[in-house]
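In: Model the following, please.
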Amino acid sequence: MSLPLRSASGGQVIGSTATIFLLLCVFVLAYRRATAARAENARLLLSSRDEAVTDPLTDSGDVADVWVNMLVRGRALVSVQGDTRLKAGDELLISAEERWHSRLEALFRQ
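Out: Purely as a prediction, here's the structure:
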């Protein structure tokens with residue numbers, strides 16, 4: 001005993017086609033966003049590697065042996081981190097190799 005086959009109505013065919021098309025559009029959108037995110041990640045990785053090997057004092061690969069031991073702003077001790085920015089009037093205690101003394105003195109006299 002077999003079941004009789006019926007053909008789909010025009011509305012069912014249009015609905016199925018529209019659903020498949022919509023799913024294809026969603027996939028294309030997700031794929032494009034993933035590709036753009038992958039490219040952005042690669043760009044940021046290259047940028048961070050360049051920053052990691054470049055000394056901000058000299059813009060060269062010759063990394064400065066300079067440490068900020070203490071930063072006082074106003075009368076408060078500031079915790080120094082990688083993104084800490086100096087402000088006018090800040091007082092610093094810096095340790096540096098002798099070869100950097102003249103550059104640092106010139107930098108902080110400006």
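In: Pull up the pairing partners for the lengthiest strand in the chain, direction included.
Out: Residue-count comparison of every strand in the chain, with assignments taken from DSSP state E, identifies strand 66-73 as the longest. With DSSP bridges as the test, strand 66-73 is paired with strand 76-78 (antiparallel), strand 91-96 (antiparallel).
In: Domain boundaries for the chain, per the record?
Out: Domain assignment for the chain by automatic domain parsing gives 8-53, 66-109.
In: May I see the buried residues of stretch 78-88?
Out: When neighbours are counted by 16 or more other Cβ atoms under 10 Å, the buried residues of stretch 78-88 are found to be residue 78. No exception for glycine: its C-beta is placed from N, CA and C like everyone else's.
In: What of stretch 34-53?
Out: For stretch 34-53, the neighbour count (16+ other Cβ under 10 Å) marks no residue as buried.
In: CA-only coordinates of that stretch, as CSV, when you get a sec.
Out: Below are the C-alpha coordinates for stretch 34-53, written out as CSV (Å, rounded to 0.1, in the frame of the first residue of the first chain):
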residue,chain,number,x,y,z
ALA,A,34,33.3,36.7,9.6
THR,A,35,35.7,37.4,6.8
ALA,A,36,35.9,41.1,7.7
ALA,A,37,36.4,40.3,11.3
ARG,A,38,39.2,37.9,10.4
ALA,A,39,40.9,40.6,8.3
GLU,A,40,40.6,43.1,11.2
ASN,A,41,42.1,40.6,13.6
ALA,A,42,45.1,40.0,11.3
ARG,A,43,45.6,43.8,11.0
LEU,A,44,45.5,44.3,14.8
LEU,A,45,47.9,41.4,15.3
LEU,A,46,50.4,42.9,13.0
SER,A,47,50.0,46.4,14.6
SER,A,48,50.4,45.0,18.1
ARG,A,49,53.5,43.1,17.1
ASP,A,50,55.0,46.3,15.6
GLU,A,51,54.2,48.2,18.8
ALA,A,52,55.7,45.5,21.0
VAL,A,53,59.1,45.7,19.2
